[in-house]
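Enquirer: Return a 3D structure for these sequence lines:
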Amino acid sequence: MAERPQRVTIIAEHRDTIDGLLVYLKEGGVSSSALQTLGDVPPGVSAVVLFPDELGAEAVIAWIAALRARRPTLLLIVVSSAPQRIRAALEPDGRSALPIVFPKPVFGWAILDAIREHG
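Expert: A predicted model of the protein is given here:
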């Protein structure tokens with residue numbers, strides 16, 4: 001049985017962050033798209049890579065909680081220099097996959113490995 005291709009949505013405010021990760025994931029064989037604000041994750045996406053540091057903590061916490069409730073098997077990767085500010089959204093909830101948190105900065109290969117392992 002053929003493996004389903006990975007589809008990833010990147011959410012980051014800075015275009016340089018988005019562009020660099022889009023290229024890296026494409027070179028790694030992973031299809032990806034991007035948003036510069038919190039929004040709806042398209043159907044068929046298997047992972048979200050979120051860079052929340054430039055976004056409001058309350059909005060990020062509410063968005064993550066809603067995402068985890070709607071899509072409990074979705075892989076959520078959070079890249080942050082201050083994950084403690086959104087800790088409430090990253091803890092086990094007993095219903096959804098636990099987000100993976102990487103300290104900022106993180107190497108692209110670490111993100112790619114996490115996506116592949118989830119696949």
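
Enquirer: List the contacts of the host helix or strand of R116.
Expert: Here R116 sits within helix 108-118, counting by DSSP states H and E. For helix 108-118, contacts defined as Cβ atoms under 8 Å, 6 or more residues apart in numbering pick out 6, 8, 20-21, 24-25, 28, 30, 46-47, 49, 75, 77, 79, 100, 102. C-beta coordinates here come from the backbone N, C-alpha and C atoms, glycine included.

Enquirer: rerun at 6 Å
Expert: Here helix 108-118 makes contact (Cβ atoms under 6 Å, 6 or more residues apart in numbering) with Q6, Y24, G28, A47, V49, L75, I77, I100.

Enquirer: buried subset of those?
Expert: With neighbours counted by 16 or more other Cβ atoms under 10 Å, the contacts of helix 108-118 contain buried members at Q6, Y24, G28, A47, V49, L75, I77, I100.

Enquirer: Pass me the low-pLDDT residue ranges in this protein, would you?
Expert: Across the chain, the ranges flagged by pLDDT under 70 are 1-5, 119.

Enquirer: so the most centrally placed residue in it, which of the three states?
Expert: Central residue of the chain (Cα atoms, centre = their mean): V49, 2.0 Å from the mean position. Three-state assignment for V49 (DSSP: H, G, I helix; E, B strand; the rest coil): strand.
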